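In: Just a sequence and a predicted model for now, questions to come.
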Amino acid sequence: VIVVLPARSLVLRGLLAVLLAATVSTARSADAQKTEDWKLCSSICRAANGKRMVVSSAYSIECWAGGNDGVLRILDRLGVSLIALQECDYGSGMGTSKYPLWISRIGNAWNEKYRLDFHYPRESSSKSFVEVGLKH
C-alpha cells in the first residue's frame, strides 16, 4: 500500500508510519505463532513415529500419517475413541478442529516437555490435559 501525502501533513505521515509498522509487526507475530504451533505439533508427532503411546491411565497419543507432518490425536487409553486432534500442517491453526487440541511448551526451549489440552468429555466445555516429555 502506497500513500502519498502533501508535505504539510507531517502529523498524518507520522501516524501512517506508526500504523504501517504495527501492521507489519502483527503479520510477523502471526507468522511466528504459526511456526511455533507447527514446531510443537510436529515434534510430538515425530516422537510418536506412527505408534500409539499410553500417556496416562485414561489417554493415549498417536501420530496418524494423514497430512504433511501428520495428525496428532488424543485417544482413550485403549486407542479406540477419538478425543481430540490437531493437524501438524504449517498454518493449520491450533485448536481449530472439530475436536480441538491445544499444545504448549512447559519450561524452557531445551526442555522438551509439552502440555496437551483438550475438551473431555469430547464435546463438553470441560477441559483435561496430559503432559508429555520427549527423550531422544
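Out: Right, received. Where do you want to start?

In: Only C-alpha atoms from now on, for both contacts and neighbour counts.
Out: Fine.

In: pLDDT below threshold where in this protein?
Out: Residue ranges of the chain with pLDDT under 70: 1-28, 66-68, 136.

In: the helices in it, which residues?
Out: 10-48 (DSSP state H).

In: can you pull out the strands in the chain?
Out: Taking DSSP state E as the test, the strands found in the chain are 52-54, 59-64, 71-76, 82-87, 101-106, 113-119, 127-133.

In: out of those strands, which comes closest to residue 46?
Out: With C-alpha to C-alpha, the closest approach to residue 46 among these belongs to strand 59-64: 7.7 Å.

In: Next, count neighbours for residue 30.
Out: By other C-alpha atoms under 10 Å, the residues close to residue 30 number 13.

In: That one and residue 49, how far apart?
Out: 29 Å (C-alpha to C-alpha, to the nearest Å).

In: Just give the number of residues close to residue 118.
Out: Here the count is done by other C-alpha under 10 Å, and residue 118 has 25 residues near it.

In: so how far is residue 104 from it?
Out: Distance of residue 118 to residue 104, given as C-alpha to C-alpha: 12 Å.

In: Please apply the same query to residue 92.
Out: Here the criterion is C-alpha to C-alpha. By it, residue 92 lies 15 Å from residue 104.

In: Likewise for residue 40?
Out: Computed as C-alpha to C-alpha, the residue 40 to residue 104 distance reads 7 Å.
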